[in-house]
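> sequence first, predicted model second:
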Amino acid sequence: MNEVILKIENLSKQYRLGTVGTGTISHDLNRWWHTVRGKEDPFLKIGDVNDRSTKATSEYVWALKDINFEVKKGEVLGIIGKNGAGKSTLLKILSKVTGPTTGSIKSKGRIASLLEVGTGFHPELTGRENIYLNGAILGMTKAEINAKLDEIIEFSGCERYIDTPTKRYSSGMTVRLAFAVAAFLEPDILVIDEVLAVGDAEFQKKAIGKMQDISKGEGRTVLFVSHNMQAISVLTNKCIVMNNGGIFFEGKTNDAITRYLSLDSHLSDNIYKAIPLPNKSSITKVKLITSLPNNVQRNNDLFEIHIQIFMPYLLEKPAVAIQAINSNETPILYCWNFDEQISFGKKSGYYNLICRIPQLKLYMGKYNLTVHYADNNGKNKLETLKDICPFEVVMFGVKHPYKWELGTCTYIEDAEWNINYSKEF
Amino acid sequence: MHKSNAHTKDEWLFEITPKNSLLSLNLKEVWQYRDLLFLFVKRDIVTVYKQTILGPLWYLIQPLFTSVIFTLIFNNVANISTGTVPPFLFNLAGITIWNYFKECLNATSSTFTSNAGIFGKVYFPRMIMPLSVVISNLLKFSIQLFIFAAFFLYYYLNGAPISLNSYVVLFPLMVLIMGMLGLGLGMIISSMVTKYRDLKILIGFGLQLLMYVSAVMYPVSFFIEKLPNYAWIVKYNPLSFVIESVRYMLLNTGEFNTSMFIYTLISTVVILLLGIIIFNKAEKNFIDTV
């Protein structure tokens, strides 16, 4: 089990920015001339660090720079990072779509990659024909597909339409069929890009379940790239965090996610701010204090909502209520402050309200807030803010003998168990 | 460190490095993916006529009209002699085999650009694509050959002095040579098109010029007689040898030169090998420049 199956050494990839034009040919000739004289490629010495936000100073950029890591047999490795950190480039090189500029990858097993589901699907062919075509593109032989055809069709749930051209399929059905083919690949090393982010919730659950089977039950080595921290924490034990084309952190998934979340602070996106009108009372700021950086909250940790209200004049019994809405648009949580609780608004100016939830019980998933503001003890609505302060609840670090699964519940209640025994009924 | 490297080196199944070895032709891998090759061929054949009204008839219209026009212009107006063979049949034979080459070259030369989507997502030996094109084009060729056979029979029954030649047993080899030439040249061009699209524009034009020096609408002997100074262009063009030989086999006109046959075989193999080498070099990083 401790055998190294994949070894990446000093891997770098350089890209040329801008368009291919007349300048390209002069660079190509220059490069060729250096090669002919046995000298090093002059353009390898230059190049910027891969940082999307800063302005380029050179025409060349290193999408990956000196990447080194090893993957052991049977390991499920997550690769996380911001957009443009180099994850996809790494996957492309691993799946041989493009070559590295320097360095090498050594492998002891067959690699199959899933950068997209349904590659090569032809709309005029039937579902069955597309299974064969797509399977062969992904590296299966006809005999292998024959052996698994029934399972693939059953997993896709498209039996009825299997002899209909796929152009008559709904997009969801196409994705199901395509994923089904991919799920039955049997390489030694499986490289998966964010392909699970397709299909409806039920299918996503099925897909993640299948991925778990593949990695656990069948002992396959899997490299898994995702922005979905949930999927990462459910599927992987070890992670690599990439940043600006290099490896920023390598270690246990829980630590890696924490490091990843602290990586950048586009925190301003997650704070609601409004400039107050001089003669209108309104909410000027809503901010979350989460237990992890970047509006990520661990279940059962302290959670705070800070609301700032501007009051240019005195108000009669102002009231505030907060709802947390989950990704299915269902309100899950409700907190309020009416005049009976804490009375405020006796003076004009700014008020800072802090709603403190000592142990947030929401289950893992994505949420956002709806904030209601009213006076006259809630009778006269002044303002309703919807879809603000998105946050994510995660379960990693919350003890449970098995990995947490999506959709188990919407919140977790503290429960006390009591077990009595008697021999007779 | 060094010791352990040497120890583990042999155990790696494969290694991904910046450059492919120049001489690795990758043919073993192509063989591993043979199922995919046939599925692509099947896909091309099954899907090509979907939602067209005339379907395969389109394949007949083009060579027939071209032959009629060639007959009018080159034989009736310009008075090129085709001996005892009816000029229409003479032209149709040339066009049929030329078309196979043209279609192969045309389709394979855009391999990288037209398949960038699928190549960018998954790896399989890229050579599968042009190879499948050359094979599936055989269907089109057979349809056109069938038409030629029909006209041959028509002229024969009407008493035209035409007959097959015993060399006709070599006909499949001629088709193979045409396919290999189309594949080889197509792969060379497609490797260059990935970076410089200018070549794509050049192909349509270049193919037209090539047709005029490939003895499609005249016998090789005619060109040598009329333009002795430029005769080498036609003489050493493997395409014109194949076309001339095909007419010799099917219509018993012209000649079959054995030394030229060997020359053509060798040059075809050289072009094909060159094509595979250049193609394999280009496939590694084309996705960055396409």
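Yep, that arrived.

> count of neighbours near the residue in the stretch 301-425 of chain A that chain B sits nearest to?
When scored by C-beta to the nearest C-beta, the stretch 301-425 of chain A has A:Leu406 as its residue closest to chain B, at 26.6 Å. Where you see a C-beta, it was placed from the backbone N, CA and C, and this is true even at glycine. Other residues near A:Leu406 come to 17 when the count uses other C-beta atoms under 10 Å in any protein chain shown.

> tell me the secondary structure at it.
Classification of A:Leu406 using DSSP: H, G, I helix; E, B strand; the rest coil returns coil.

> where's A:Gln297, which helix or strand?
strand A:296-298 (DSSP states H and E).

> what packs against the helix or strand where B:Arg247 lies?
B:Arg247 is part of helix B:238-251 when elements are defined by DSSP H and E. Judged by 3 or more C-beta pairs under 8 Å, 6 or more residues apart in numbering or on different chains; DSSP states H and E, helix B:238-251 is in contact with helix B:87-108, helix B:171-193, helix B:220-226, helix B:258-283.

> return the most buried member of the ones you listed.
Mean neighbour count (mean count of other C-beta atoms under 10 Å in any protein chain shown) peaks for helix B:87-108 among the helices and strands packed on helix B:238-251, with a mean of 24.

> the closest residue to chain B within the stretch 251-400 of chain A: how many residues sit nearby?
Closest contact between the stretch 251-400 of chain A and chain B, by C-beta to the nearest C-beta, is at A:Gly251 (24.0 Å). By other C-beta under 10 Å, the residues close to A:Gly251 number 12.

> could you check how far it is from B:Thr84?
Plainly put, A:Gly251 is 86 Å away from B:Thr84 if you go by C-beta to C-beta, to the nearest Å.

> and for A:Gly139?
In this view, A:Gly139 and B:Thr84 are 57 Å apart by C-beta to C-beta.

> for the stretch 151-290 of chain B, what lies in contact range of chain A?
B:Lys195, B:Tyr196, B:Lys284, B:Asn285, B:Ile287, B:Asp288, B:Thr289 (C-beta under 8 Å from any C-beta of the partner chain).

> for these, give me TSV that also has secondary structure and neighbour count.
What follows is those, written out as TSV (DSSP: H, G, I helix; E, B strand; the rest coil; neighbours: other C-beta atoms under 10 Å in any protein chain shown):
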residue	secondary structure	neighbour count
B:Lys195	coil	19
B:Tyr196	coil	15
B:Lys284	coil	19
B:Asn285	coil	20
B:Ile287	helix	17
B:Asp288	helix	21
B:Thr289	helix	15
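
> which ones are touching the residue of the stretch 251-400 of chain A closest to chain B?
Contacts for A:Gly251 (C-beta atoms under 8 Å, 6 or more residues apart in numbering or on different chains) come out as A:Lys238, A:Cys239.

> same thing with B:Lys235?
B:Val220, B:Ile224, B:Met260.

> go ahead and confirm the second one touches B:Ala231.
Spelled out, that is B:Ile224. Yes: B:Ile224 is in contact with B:Ala231 according to C-beta atoms under 8 Å; the separation is 4.3 Å.

> what about A:Val97, helix or strand, and which?
Using DSSP H and E, A:Val97 falls within no helix or strand.

> now do the same for B:Pro56: its pLDDT.
Listed pLDDT for B:Pro56 reads 71.

> what's the neighbour count on residue 202?
Answering for chain A, as no chain was given. A count of nearby residues for A:Glu202, using other C-beta under 10 Å, gives 10.

> my question was about chain B, not that one.
Counted with other C-beta under 10 Å, residues neighbouring B:Leu202 total 15.

> per-residue confidence at it?
pLDDT, B:Leu202: 84.

> please name the nearest non-neighbouring residue to the residue of the stretch 301-425 of chain A closest to chain B.
Using C-beta to C-beta, 6 or more residues apart in numbering or on different chains and skipping residues adjacent in sequence, the residue nearest A:Leu406 is A:Lys205, 5.7 Å away.

> the longest helix seen in chain B: which residues count as buried?
In chain B, assigned by DSSP state H, the helix with the most residues is helix B:128-157. Of the residues in helix B:128-157, B:128-138, B:140-141, B:143-145, B:147-148, B:151-152, B:155 count as buried by neighbour count, 16 or more other C-beta atoms under 10 Å in any protein chain shown.

> tell me what it is packed against?
Using 3+ C-beta pairs under 8 Å, 6+ apart, helix B:128-157 sits against helix B:34-47, helix B:57-70, helix B:87-108, helix B:111-114, helix B:171-193.

> please name the nearest non-neighbouring residue to the residue of the stretch 101-250 of chain B found nearest chain A.
Minimum separation of the stretch 101-250 of chain B from chain A (C-beta to the nearest C-beta) falls at B:Tyr123, amounting to 3.8 Å. Once flanking residues are discounted, B:Tyr123 sits nearest to A:Lys96: 3.8 Å by C-beta to C-beta, 6+ apart.

> try A:Tyr411
Here the residue nearest A:Tyr411, using C-beta to C-beta, 6+ apart, is A:Lys361, at 4.5 Å.

> okay, now that neighbour: neighbour count?
Neighbourhood size, A:Lys361 [other C-beta under 10 Å]: 17.

> ramachandran angles for the nearest residue to B:Val213 once chain neighbours are set aside?
Distances taken as C-beta to C-beta, 6+ apart put B:Ile233 closest to B:Val213, at 4.9 Å, once the chain neighbours are dropped. According to degrees, to the nearest 10, the main-chain angles of B:Ile233 amount to phi -60, psi -40.

> and the gap between the residue nearest to B:Thr253 when sequence neighbours are not counted and chain A?
Among residues not flanking B:Thr253 along the chain, B:Val85 sits closest, at 4.9 Å (C-beta to C-beta, 6+ apart). The gap separating B:Val85 from chain A is 42 Å, by C-beta to the nearest C-beta, to the nearest Å.

> contacting residues around B:Val85?
Counting by C-beta under 8 Å, 6+ apart, B:Val85 has contacts B:Ala160, B:Pro161, B:Ile162, B:Arg247, B:Leu251, B:Asn252, B:Thr253.

> so for the residue in the stretch 151-290 of chain B that chain A sits nearest to, what's the pLDDT?
With C-beta to the nearest C-beta, the shortest gap between the stretch 151-290 of chain B and chain A falls at B:Lys284, namely 4.0 Å. B:Lys284 carries a pLDDT value of 77.

> so it makes contact with A:Val97?
No: checked against C-beta under 8 Å, the pair B:Lys284 and A:Val97 is beyond contact range at 9.6 Å.

> just the C-alphas of stretch A:209-228, formatted as CSV.
Output of stretch A:209-228 as CSV, limited to C-alpha atoms (Å, rounded to 0.1, in the frame of the first residue of the first chain):
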residue,chain,number,x,y,z
GLY,A,209,-21.2,7.8,-3.7
LYS,A,210,-19.7,6.1,-6.7
MET,A,211,-16.5,8.0,-6.3
GLN,A,212,-16.3,6.9,-2.7
ASP,A,213,-16.8,3.3,-3.8
ILE,A,214,-14.0,3.6,-6.4
SER,A,215,-11.6,5.1,-4.0
LYS,A,216,-12.3,3.0,-0.9
GLY,A,217,-13.8,-0.3,-2.0
GLU,A,218,-11.7,-0.8,-5.1
GLY,A,219,-8.5,0.7,-3.8
ARG,A,220,-7.9,2.8,-6.8
THR,A,221,-5.6,5.8,-6.7
VAL,A,222,-7.5,9.0,-7.4
LEU,A,223,-6.5,12.6,-8.0
PHE,A,224,-9.4,14.8,-7.4
VAL,A,225,-9.7,18.6,-8.2
SER,A,226,-12.6,20.6,-6.9
HIS,A,227,-13.7,23.9,-5.6
ASN,A,228,-16.3,22.1,-3.6
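
> many thanks, I have nothing further to ask.
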